[in-house]
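>>> Give me the fold of what follows.
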Amino acid sequence: MRIEDQPQARGVKCSLIYWLLLCTLLLGGHPLHATNTGKKVKLRVTLHGGKTYTGRLEWKKTHLLIRGGRKRKIDYQDISSITAATSPDEEALRKQFAARKTARPPENAKAWLRLARWARKQGLHDEAAEACAEAAKLEPDNVAARQGSGQFKDPEKGWIPVGVVLGQRRGKLKAEDHDGRVDLARFARKHGSTQFAFDLCTQVLLEDAFHADALRVIRTATDRYQQATKLRLPIAGRWEISADRTRHHQKKGYAVYAVDLTKVDEDRKHYTGRGKRLEDHFAWDQPFYAVADGTVVEVREGFRDNPIGKIGDQAEKHNGVAIDHGQGELSWYVHAKKGSITVKLGQKVKRGELLGTVGNSGGSAIPHLHFTLVSFRGLSVPWRCEEFEVMAPTGSAIRALDVWPREGWVVLGKEPGK
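This is a model prediction of the structure:
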């Protein structure tokens, strides 16, 4: 199975106990400081007149700054929508590779290796190996070409298929040797065996979700993940996507692409008065909904809600729901209010169906909803919602289509059925 293929749903059952959010929530902050709005994240902005610009977005007080080929300042009222910056699909990229290979055939090993680097950057691992193999034909002693085409130089036998070496080394590793498996994954990736590397790191993260090296190795694959399930936001009304300033989501295999949502008013305040009581927080006891049709595969209920700012020994005692949407994808909803869960294990639910209300259970210091999409038996993966609105600093509401809600955004979710 290729990394890009969607895994099958059969036998998928995950426990929310293992995937606990061990964090406190930090609110507010400018999108520039968010961990999922880095320089590599580009979005497409469409104006009312139809003109489009693509780049990294910076939300200024009076205008949107788009950093692409050049800086552009756009007044918020001129924006019609924000969408994901589409990239060529895999088939189109393969056609580009074929064209580069045949229309202007690389003349030497160096040129073939350049083509291999381009293919690898696009996620075309088989094509990259093919280009390296061509380079190796021209320069049999070229180490990069040999390694990139899946070969390993044995001191006695010379160049041999790397699969032989990987099998031998994997057989010698102890099950608990996570560092050894990650080192072997790096070796596999260096020699063109990207799927082998991905599988090794997945195993490590399912056993040790905090393994930093495994997270670094696997991100090149999970960042490119394309979801199969069409989603709506799990909330309705005005909510803020909190900035992960401590990068606590980035440190766990089950939460890398997660978001924390807290309800806010028009001034972006998330509580009334001094915010000392749970009831002072606007997110408290607010409904959350299923993001898509599916089957409830986990319900955790009965744990108390923490007083504001006090988690104590409650870190592993959260209320929440997990829904299997098929094709290996599950959505997780964490920190629900005690006694609020409205669904049962095994129940079929519809998109927009009420699941419970927001609380402050588990690893939560203030009321909020933690949401993520997971695949590959329990790894957090990127996700997008079909349609919602983003509130500009000026108060303008901008349509967002097929976009992953970014940290620092204030979003407007639709009421179920609308």
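>>> Just the CA atoms of stretch 195-205, as PDB, please.
Extracted C-alpha coordinates of stretch 195-205, given in PDB (Å, rounded to 0.1, in the frame of the first residue of the first chain):
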ATOM      1  CA  GLN A 195       6.700   3.200   2.400                       C
ATOM      2  CA  PHE A 196       8.900   1.000   4.600                       C
ATOM      3  CA  ALA A 197      10.100   4.100   6.500                       C
ATOM      4  CA  PHE A 198       6.500   5.300   6.900                       C
ATOM      5  CA  ASP A 199       5.300   2.000   8.300                       C
ATOM      6  CA  LEU A 200       8.100   1.800  10.800                       C
ATOM      7  CA  CYS A 201       7.500   5.300  12.100                       C
ATOM      8  CA  THR A 202       3.700   4.600  12.300                       C
ATOM      9  CA  GLN A 203       4.400   1.600  14.500                       C
ATOM     10  CA  VAL A 204       6.600   3.700  16.800                       C
ATOM     11  CA  LEU A 205       4.100   6.500  17.200                       C
END
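>>> Return the distance of it from the chain's centre.
In terms of CA atoms, centre = their mean, to the nearest Å, the centre of stretch 195-205 is found 17 Å from the chain centre.
>>> pLDDT of that stretch, averaged?
Model confidence over stretch 195-205, given as mean pLDDT, is 95.
>>> Same check on stretch 160-175?
Computed over stretch 160-175, the mean pLDDT rounds to 94.
>>> Distance from that stretch to the middle of the chain?
Mean C-alpha position of stretch 160-175 versus that of the full chain (CA atoms, centre = their mean) differs by 30 Å.
>>> Return the set of buried residues in it.
Val162, Val165, Leu166 (16 or more other CB atoms under 10 Å). Placement of C-beta: from N, CA and C, glycine included.
>>> With stretch 396-404 instead?
Ile398, Arg399, Ala400, Asp402, Val403, Trp404.
>>> Could you dump those residues into TSV and include distance to Val217?
Listed next are those as TSV, based on distance: CB to CB, whole Å:
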residue	distance to Val217
Ile398	36
Arg399	37
Ala400	31
Asp402	28
Val403	27
Trp404	22
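>>> can you tell me which of those residues are in strands?
Ile398, Arg399, Ala400, Asp402, Val403 (DSSP state E).
>>> that older thread, let me know the closest of the buried residues of stretch 396-404 to Arg189.
Trp404 (25.7 Å; CB to CB).
>>> Excluding sequence neighbours, find me the nearest residue to the closest one.
Distance criterion CB to CB, 6 or more residues apart in numbering; nearest residue to Trp404, sequence neighbours excluded, is Arg384 at 5.0 Å.
>>> Help me confirm that Gln327 is found in a helix?
No. Using DSSP: H, G, I helix; E, B strand; the rest coil, the assignment for Gln327 is coil, not a helix.
>>> Model confidence for the closest residue to it other than its chain neighbours, exactly?
Nearest in space to Gln327, with sequence neighbours left out and distances taken as CB to CB, 6+ apart, is Ala228 at 4.2 Å. pLDDT recorded at Ala228 is 94.
>>> Where does Ala228 fall, secondary structure wise?
Per DSSP states H and E, Ala228 falls between elements, in no helix or strand.
>>> give the contact list for it.
Shown in contact with Ala228 (CB atoms under 8 Å, 6 or more residues apart in numbering): Gln6, His325, Gly326, Gln327, Gly328, Glu329.
>>> Can you pull the phi and psi angles for it?
phi -100, psi -30 (degrees, to the nearest 10).
>>> Could you report the distance from it to Ala103?
Remark: distance between Ala228 and Ala103 (CB to CB, to the nearest Å) = 34 Å.
>>> Switch the contacts of Ala228 over to CSV; also include distance to Phe97.
Converted to CSV, the contacts of Ala228 look like this (distance: CB to CB, whole Å):
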residue, distance to Phe97
Gln6, 23
His325, 33
Gly326, 32
Gln327, 27
Gly328, 28
Glu329, 29
